[in-house]
Structure formats: C-alpha cells, structure tokens
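J.: Sequence and predicted structure are below.
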Amino acid sequence: MEFQASLALVAPELVLSLSGLALLLAAAWGGDKASRLISILAVAALVGAGFLAAPALCNGASGPDTLAFGGQVKVDAFAAFAKLLIYLAAAASLIVAPAFFERVKAMRAEYPVLVLFAAMGMGIMVSAADLVTLYIGLELNSLAAYVLAAFLRTDERSAEAGLKYFVLGALASGFLLYGMSLTYGFAGTTSFAGIHAALAGDMSKGALFGLVFVLSGLAFKISAAPFHMWTPDVYEGAPTPVTTFFASAPKVAAMALTMRVVVDAFGAQVQAWQQIVMIVALVSIVVGALGAIGQDNIKRLMAYSSINNVGFILIGLAAATQQGASAMLVYLAIYVAMTIGGFVAILMLKDANGEPVEQIAQIAGLSSHRKVLAVCLAMIMFSLAGIPPLFGFWGKFLVFQAAVQAGMVPLAAIGIAASVIGAFYYLKVVKVMYFDEPANVAVGKSDWAHQALLAICAIFISPLGYLLTGWLGGMADKAAAALYFVG
Amino acid sequence: MESLVVDLSQYLPILIFLVIALALSAAFVFLPMGVARLTGTHKPDAEKLSEYECGFPAFEDPRSQFDVRFYLVAILFIVFDLEAAFLFPWAVSLDMTGWPGWITMMVFLFELAIGLAYAWKKGALEWE
C-alpha cells in the first residue's frame, strides 16, 4: 500500500514527533526535576532517528522510490546526509545544555522537547519536494527556535534575542511566502518537479520576482549578507547552548533547503539564480570578515564568522555543478564540527564563580592557566580561517576547486583574497590567548560532557580528519548525485 | 498542464484599482493637512494637542500594561478555534477523503489533545 510505504520513508520524523509528544507529557508531569532524564531520552530519540535515516544515504537512494505522500516529500540520500548532520548538531546542543542552565536554575524539561520538534521540522525542510512541505518544515523549526532563543526569559538579552529573531524571522517568512505565491502563480503548481517543468525555456518577469523573493527569504534563514543583520544580536543574546544549536543545525537545514530549491525547482533557470548566489556569497564573505574585526564579544565574533563561512559554502552553490554540491556538503559537515567545537569551548570559558566569560579581553593569556582549552580554541580558530594542516582548509579547498572547474576563476580568486581578511580576526583571538598578559579570569572548572564533546570536535578538525576525506567525500558524492538525479 | 502561462492583462483592472486607491487615500490624508497649513488655521496649543476623552481630562495613559494571562487565553482560544475551522471542511468532504482522511484528522486531534493536557497540567487554564 502506498500510504504504508510513505510512512516507512518518513520513519525518522515519526520517531521524533512521537517521542517529542511523549516527552512533552513527561515534561508536564515529571516537572523540571526530570529534565536530565528527558534530555537523555531526547538524545536517544535523535540517535534512533539517525539510524533510521542513515540507510538512505548508504544506499545512495534517489529517484521515484524516495517520493512519499504523492510527491510531497523526497527522502533521498541528499536529505539523509543533511538529516544526519542536523541530528548530530541537535544532540550536541542537548548534551551541553544541562550544565549551563542548571547553574542559573533555568533548566526546564521543555528544552529537549523544543529541540526535538525543531530537529523534526528541519528534517521536513531538507526532504521537501513541494513548496507547501517546505513551508511547514520551516515554520515547525522556526517556531521552536523563537522560543529557544528566549529560553532564559528573565534575562533581558535572551528575551531581546527571542523577540528580534521572531520579528525578523516572521518578516523572512513573509518574503518567502510572497515569493512562493508568485512562483505558484506563474508555474501553476507547488511541486518542485512541476515548477521545473513549467519554467523550462523562457522565464517570465513574474516568475523571476518569485525566485528573487524565495531566495531572499532563504538567505535570511542561512544568515547570508545582506540579510544577516539579526545574526550577531541573536547569537549574542541567546543562551550559549541555544546559540550552539542555531549556528549548526538550522544552518545545515536552510542551506540544504536552498540547494534543493534552486536545483530541483529552479534548475532550468540556472542563469537567473547563479548571479544572485554569486553576489550573496561574495557579500557574505566580505561582510563576515570586516564585521568581525571590531567585535569584543566572542559570541558576536562567532556570528560574523558564521556569516563568513556561509559565504564560502555558497561559492559551491554558485558553481551550479554536482561537484559543487558535493563540496558544499563536505564543507557543511566540517563547519558543523568547527561550530560545535567553538561554542563548546566558549561554554567552557567560566570565571571562578562559574559565570560565563564572553569578552575576548577576558581570555587574555588563557594558554597560561587552561592549556588544553587554549589549544583547542586556537585549533578551531585556525580551522575556521582555513589554514592548511587543519580540516577547515579541506572544505574551502573543495569549494574553490568546484568553482574553478566550473570556470569561475574570478569568483574563486576574490573569495580566497577575502579569506585573508578573515584570517586577521581569527588570529587576533589566538594572539590574545597566547601572547597577552594573563587576565586570569577564565579559571572555572568545566563539565566532563563539554570536555568530551570538545575533544571529539578537536580530533575531527585536526589533521587526523584527513583520514576521513575519502569516506566523507564518498557520502557527499552520493548525496549530491541524488540531488542532481534526473529521472 | 494547460493554461500555465498566465495572461497578466486580465489583472490590469486590479492594478488600476490599486493605483487609484493609493492615490485617493493619500490625497484624503495629505490634502486636508496641506489646506489647513495654507489657510492659516494651523495654530496648535497645549489644549488642542491634549487627548480628548468625552470631555474629561484623560484618566490615565492609554498604553497601560495588561496581564500576560489574557494573551495566554487568547492564544489557546485561537488554537481551538482553528481546530474547529479545520473540522468543518473535513466533515463535509469525508466521503471523498475516506479512511486516510479520518485517520489523519484523528491524529491531528490527538496531538491537540496532548497540547491541551500539557497546558492544563502546567496550569495555563487557571486564572490564579
């Protein structure tokens, strides 16, 4: 029966939604005392969903067999790749949360439930094959994310972050919906395959407007310049575990969604979106690099760094080839590891009373009293800057290689030149940690879960990560082949 | 797949209507202001600029805060009102959607029931 086959395809989402609902009731009756247990169960649900999603990636699933619910959802290897990254990032942000929230007595049992629902929404986003599915997934993710941003509701900055994220997110959703309505009006269908067929040949002005609005809405969600302005404020104001989540999982989901939309729905109009993506990529790289220079808060610095990295990832999209898509996926995987590592390291920066330390000036001379932490943070900074022996270089290398092979030498050249600007502020953090007078502020002890997670991320981005290039590249190639599958 | 190419000229009347509506409403707002300035009747003083409340001096600032519980009740009302709005079209088209339609709606109602149970347990339905 077709309905049963569809249900089997969306098994990861079913697991997440059912466990989310069950844990919601557990949160209501168990109260905040049960938050640790609920967090553990939520991580288990994410792991289970990951195991259900993984076979599609290993088999390189693509084609009509992956379509569920009459072509509304497409559960191919590409969706599975993105889902695994999302579940990993969501699990990481669940693991780091209790230690942070319990200190301010704000660990609530709803936190893991919200993360589960957000992860489920992102799973729907990346497997969307229809504008309506896209929007449902996006809103499911966003609504949970707005609440998460304001999770420390007595904290003014957190409440401000939540409100800003909500207002600007709603604006972006409006853009997206307007673009979708225009696209539907000119293509006569909401399914990606139908839009692809309807827009083959000449593209009318109205459909072009639809494309531009859809891309603007998506650029908001991936926080690409010139739609990035909410990012530093939200990343700074939101509680750090939530920022860890925002900087990793929704980025992957929105980026995968963007790839799916431009390849599946607007694949016949590459000329139209390629220029936009190129401009957005370059502007993001430059804005991210220049904006970060004056920052003295390390979370804001990481926000600009994420804008900068989104620009590099988009260069792979601008290449508009299967190789480019594969390079983007590898970059995304490395980016998730660097981001989680970076924010976990920030979570571990605490003063003697356990208060979080966020000012860059306060971590001066960190290498003298927290040697291992300083080494990890320095590695992450070097990796984010793309300096060779570290794994961050590999992602940038693949993306630029794809751009050059697609004949975009000027784009690659400008990107590489701009990454030198970016290296300045990453190196500044390293310089402050290693060569400045010790401020002896960040002396607090850290949780073992944080240390373990940071160690895993640090090993992944260290030169040891290159052992994984073959395996990771193979998976990304399968996923990209599924994305570009024509049949 | 016929008539995918939309004839935009069909929508010309709406465009004209929009332009005229914008022009007229702008004129209604800005013309009296301009005329008032030009004819010299624009002489504001403290009394003219003060709020008018049925002839009394204003009792309090109208932008007062109100209890967040009203908001909570309103949100809960919207949720269950929308549920009812979904139920009507579902009920009249049940002969076409059949068992899958019935099951889908029951799943939806079940999820809402869980939400209600959560809100109830958390005390969102109690005023004090």
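T.: The structure has been received and is ready for your questions. Residues are numbered from 1 along each chain as shown, chains lettered A, B, ... in the order given.

J.: Please count neighbours and contacts with C-alpha atoms only from this point.
T.: Fine.

J.: okay, which residue is most central for chain B?
T.: Centroid-nearest residue in chain B: B:I78, 11.5 Å away (criterion: CA atoms, centre = their mean).

J.: whoops, I mixed them up, chain A
T.: A:K251 (2.2 Å).

J.: Run through the residues that contact it.
T.: A:K251 makes contacts with A:221-222, as judged by CA atoms under 8 Å, 6 or more residues apart in numbering or on different chains.

J.: Relative to A:M180, how far out is the one residue in the stretch 101-250 of chain A that gets nearest to chain B?
T.: Nearest to chain B, among the residues of the stretch 101-250 of chain A, is A:G188, at 5.5 Å (CA to the nearest CA). To A:M180, A:G188 is 11 Å away according to CA to CA, to the nearest Å.

J.: Could you do B:I78 as well?
T.: Taking CA to CA, one finds B:I78 at 26 Å from A:M180.

J.: Number of residues surrounding residue 81?
T.: The chain I'm using is chain A. A:F81 has 27 neighbours, counted by other CA atoms under 10 Å in any protein chain shown.

J.: oops, I was thinking of chain B
T.: Neighbour tally, B:D81, other CA under 10 Å: 12.

J.: Tell me the confidence at it?
T.: At B:D81, the pLDDT value in this model is 90.

J.: residue ranges with poor pLDDT in chain B?
T.: Counting by pLDDT under 70, chain B shows low-confidence ranges at B:1-9, B:41, B:52-53, B:55, B:57, B:62.

J.: can you give me the helices in it?
T.: For chain B, helices defined by DSSP state H occupy the ranges B:12-39, B:46-49, B:68-92, B:94-121.

J.: how about those, which one is nearest A:A8?
T.: Closest approach to A:A8 among these is made by helix B:94-121 (15.7 Å; CA to CA).

J.: Excluding sequence neighbours, find me the nearest residue to whatever residue of the stretch 251-400 of chain A ends up closest to chain B.
T.: Using CA to the nearest CA, the single residue of the stretch 251-400 of chain A nearest to chain B is A:A265, 15.6 Å away. Distances taken as CA to CA, 6 or more residues apart in numbering or on different chains place A:F192 nearest to A:A265, at 4.2 Å, with adjacent residues excluded.

J.: OK, contacts around that neighbour?
T.: Here A:F192 is in contact with A:129-131, A:261, A:264-266 (criterion: CA under 8 Å, 6+ apart).

J.: Among these, which ones are in helices?
T.: Per DSSP H, the contacts of A:F192 map to helices at A:L131.

J.: Can you pull the poorly scored residue ranges out of chain A?
T.: A:1, A:487.

J.: got the residues of it near chain B?
T.: A:21, A:24-25, A:28-29, A:185-188, A:198 (CA under 8 Å from any CA of the partner chain).

J.: Between the residues you listed, identify the one with the most neighbours.
T.: Neighbour max across the residues of chain A next to chain B (other CA under 10 Å) = A:A187, 26 neighbours.

J.: From B:I14, how far out is that one?
T.: When A:A187 is compared with B:I14 (using CA to CA), they lie 21 Å apart.

J.: try A:I340
T.: According to CA to CA, A:I340 and B:I14 sit 51 Å apart.

J.: Which of those two has more residues huddled nearby?
T.: Between A:I340 and B:I14, A:I340 has the larger neighbour count (other CA under 10 Å), namely 28 against 11.

J.: What are the neighbouring residues in contact with that one?
T.: With CA under 8 Å, 6+ apart, A:I340 has these contacts: A:89, A:92, A:244, A:248, A:454, A:457.

J.: Adding secondary structure, write the residues of chain A next to chain B out as JSON lines.
T.: Shown next, in JSON lines, are those (DSSP: H, G, I helix; E, B strand; the rest coil):
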{"residue": "A:L21", "secondary structure": "helix"}
{"residue": "A:L24", "secondary structure": "helix"}
{"residue": "A:L25", "secondary structure": "helix"}
{"residue": "A:A28", "secondary structure": "helix"}
{"residue": "A:W29", "secondary structure": "helix"}
{"residue": "A:G185", "secondary structure": "helix"}
{"residue": "A:F186", "secondary structure": "helix"}
{"residue": "A:A187", "secondary structure": "helix"}
{"residue": "A:G188", "secondary structure": "coil"}
{"residue": "A:A198", "secondary structure": "helix"}
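
J.: Tell me which two in these are the farthest apart.
T.: A:W29 and A:A198 (51.9 Å).

J.: what about the residue nearest to A:F391 when sequence neighbours are not counted, distance to chain B?
T.: Leaving aside its chain neighbours, A:F391 sits nearest to A:I461 (4.7 Å; criterion: CA to CA, 6+ apart). To chain B, A:I461 is 42 Å away according to CA to the nearest CA, to the nearest Å.

J.: Around A:I461, count how many other residues there are.
T.: Neighbour count for A:I461, taken as other CA under 10 Å: 27.

J.: quick one: contacts for it?
T.: Contact analysis of A:I461 by CA under 8 Å, 6+ apart lists A:334, A:337-338, A:379-380, A:383, A:390-392.

J.: again, only using 10 Å
T.: Counting by CA atoms under 10 Å, 6 or more residues apart in numbering or on different chains, A:I461 touches A:334-335, A:337-338, A:341, A:376, A:379-380, A:382-384, A:389-394.

J.: What helices and strands are in contact with the helix or strand harbouring A:V96?
T.: Assigned by DSSP states H and E, A:V96 belongs to helix A:77-103. In terms of contacts (3 or more CA pairs under 10 Å, 6 or more residues apart in numbering or on different chains; DSSP states H and E), helix A:77-103 is packed against helix A:35-58, helix A:110-126, helix A:240-260, helix A:322-348, helix A:448-461, helix A:469-483.

J.: For the second one, C-alpha coordinates in CSV please.
T.: I take that to be helix A:110-126. As requested, the backbone C-alpha atoms of helix A:110-126 are provided in CSV (Å, rounded to 0.1, in the frame of the first residue of the first chain):
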residue,chain,number,x,y,z
GLU,A,110,10.8,21.7,27.7
TYR,A,111,14.3,22.5,26.3
PRO,A,112,14.9,19.0,24.9
VAL,A,113,11.3,18.8,23.6
LEU,A,114,11.7,22.0,21.7
VAL,A,115,15.0,20.9,20.2
LEU,A,116,13.3,17.6,19.1
PHE,A,117,10.5,19.5,17.4
ALA,A,118,13.0,21.8,15.8
ALA,A,119,15.0,18.9,14.5
MET,A,120,11.9,17.3,13.1
GLY,A,121,11.0,20.5,11.3
MET,A,122,14.4,20.6,9.8
GLY,A,123,14.1,17.0,8.7
ILE,A,124,11.0,18.0,6.8
MET,A,125,12.7,21.0,5.4
VAL,A,126,15.6,19.1,3.8
